[in-house]
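A.B. asks: Would you be able to build a 3D model of this:
(2 chains)
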Amino acid sequence: GAGVSQSPSNKVTEKGKDVELRCDPISGHTALYWYRQRLGQGLEFLIYFQGNSAPDKSGLPSDRFSAERTGESVSTLTIQRTQQEDSAVYLCASSLVAGAGTEAFFGQGTRLTVV
Amino acid sequence: RKEVEQDPGPFNVPEGATVAFNCTYSNSASQSFFWYRQDCRKEPKLLMSVYSSGNEDGRFTAQLNRASQYISLLIRDSKLSDSATYLCVVRGSSGDKLTFGTGTRLAVRP
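C.D. replies: Residues are numbered from 1 along each chain as shown, chains lettered A, B, ... in the order given. Next comes the predicted model:
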C-alpha cells in the first residue's frame, strides 16, 4: 500500500480481555517497529522485526505482550489479560534498513482504551 | 545513560524567533540521524534527515557533531504552525533499530 496501515483505529476493551492490533507495513520494508505512547508521554519502544533475524523484544513490558510478523508483511501485536495501564496509542512503523531513505514511516496508530 | 537524550522543554517562543534544539546520543558508532515532528494526537512524521556536512531545508537547519555525539535542529523565523514535539532519532548501523528520543516540545506564541 501507499503507507503504513493500522487497524483498528480505536479499540475499547474490558479489563482482562485479550486484544489484537494489526499493522500492514509499506511494501518492501524489511524493518517493522511497534511503539506505545501514553497520553502526554514519549514513544516507548516495544519490539523490532528485521527481515529473518530474531526480533528484538527488549521493550515488551511483560509476558502479556507478544507480537508476530508474517515474513516481511503483516504484523500483529497481542495483549493478553488487558489492564487499565495498557491504555495508550500503539504505533507501528516500517522502514528500509540500508541505503538511502532508511527513515521510518508511521501508521496512524490504534488508540486502545481499557475500561 | 539513555541512548538518545533530549531536553523535554517546553520551549515557549514568540513568532519570528530563532530556536535551537540539541540531542545527544550514546552510541559512537551510530550512522543515521533524523529529526521527526509529532503534532498533538498525531503520528510522528519525518522532518529531515541529518547529514554529516549539515543540511538545510527552508527555515530548518540540522547539524551533526560526531566528536561530541550530538545533533541539533535550528528553526528560524518561527511560525505558529511550528508548534509541535520534535523527536531526535538515531540508528546504530545498517540493520539496527531506530532509537527515538522522548522529544522536545515547542510552543510558538503570537
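A.B. asks: Tally up the residues packed near residue 45, please.
C.D. replies: As the question left the chain open, I've gone with chain A. Neighbours of A:F45 under the rule other Cβ atoms under 10 Å in any protein chain shown: 18. For every residue, glycine as well, the C-beta is placed using N, CA and C.
A.B. asks: oops, I was thinking of chain B
C.D. replies: Counted with other Cβ under 10 Å, B:K45 comes out at 14.
A.B. asks: so who does it touch?
C.D. replies: B:K45 is in contact with A:106, B:36-38, counting by Cβ atoms under 8 Å, 6 or more residues apart in numbering or on different chains.
A.B. asks: which residue ranges form the strands in the chain?
C.D. replies: In the absence of a named chain, this looks at chain A. Using DSSP state E, the strands of chain A run over residues A:5-7, A:10-13, A:19-24, A:31-37, A:44-50, A:65-69, A:75-79, A:88-95, A:105-106, A:110-114.
A.B. asks: wait, chain B
C.D. replies: Under DSSP E, chain B gives strands at B:4-6, B:11-14, B:19-25, B:32-38, B:45-50, B:55-57, B:60-65, B:70-75, B:84-91, B:98-100, B:104-109.
A.B. asks: Could you report the pLDDT at the residue nearest to A:S75 when sequence neighbours are not counted?
C.D. replies: Leaving aside its sequence neighbours, A:S75 sits nearest to A:R69 (Cβ to Cβ, 6 or more residues apart in numbering or on different chains; 4.2 Å). A:R69 is assigned 95 on the pLDDT scale.
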